[in-house]
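> Provided below are the primary sequence and the corresponding predicted coordinates.
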Amino acid sequence: MFLPKYPENPSPPSAYVHTPTEPAPARRPAPQISISTGAVVAVLVGGVVLTALLAAVAVAAISVAVAAVVLRSMLRDQRRR
C-alpha cells in the first residue's frame with residue numbers, strides 16, 4: 001500500500017547529447033625550477049640581517065623610552081624643589 005511506484009524505464013533518455021567539436025589543447029609541462037645553494041644562502045643571510053636590524057631598532061626604541069622616563073622623572077623632581 002505505501003510502497004513507492006518506480007517507473008518502468010529507470011533511466012530516461014537524456015535531453016542533452018554531448019558532441020565534442022574540438023579536442024582539448026595539449027597542456028605543456030611546467031618548466032623545471034632549479035634552486036642553487038647560493039640562492040638559499042643569500043635568502044638565509046638576508047633573513048638574518050633583516051632580523052638583526054629589526055632587533056636593533058627594537059632595542060633602540062626601548063632605550064629611548066627608558067631615557068625619556070628617567071629624564072621626565074628628573075625634571076619633575078627639579079620642579080618640586
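Right, received. Where do you want to start? Numbering: from 1, shown residues only.
> Show the end-to-end separation of stretch 23-32, please.
27 Å (Cα to Cα, to the nearest Å).
> Tell me how far that stretch lies from the chain's centre.
Centre-to-centre, stretch 23-32 and its host chain are 28 Å apart (Cα atoms, centre = their mean, to the nearest Å).
> quick one: contacts of it?
The contact list for stretch 23-32 (Cβ atoms under 8 Å, 6 or more residues apart in numbering) is empty. For glycine as for every other residue, the C-beta is placed from the backbone atoms N, C-alpha and C.
> Find the helix or strand that residue 73 is a member of.
helix 37-80 (DSSP states H and E).
> And the average pLDDT for that helix is what?
For helix 37-80, mean pLDDT is 94.
> how distant is it from the center of its chain?
On Cα atoms, centre = their mean, the centre of helix 37-80 falls 27 Å from the chain's centre.
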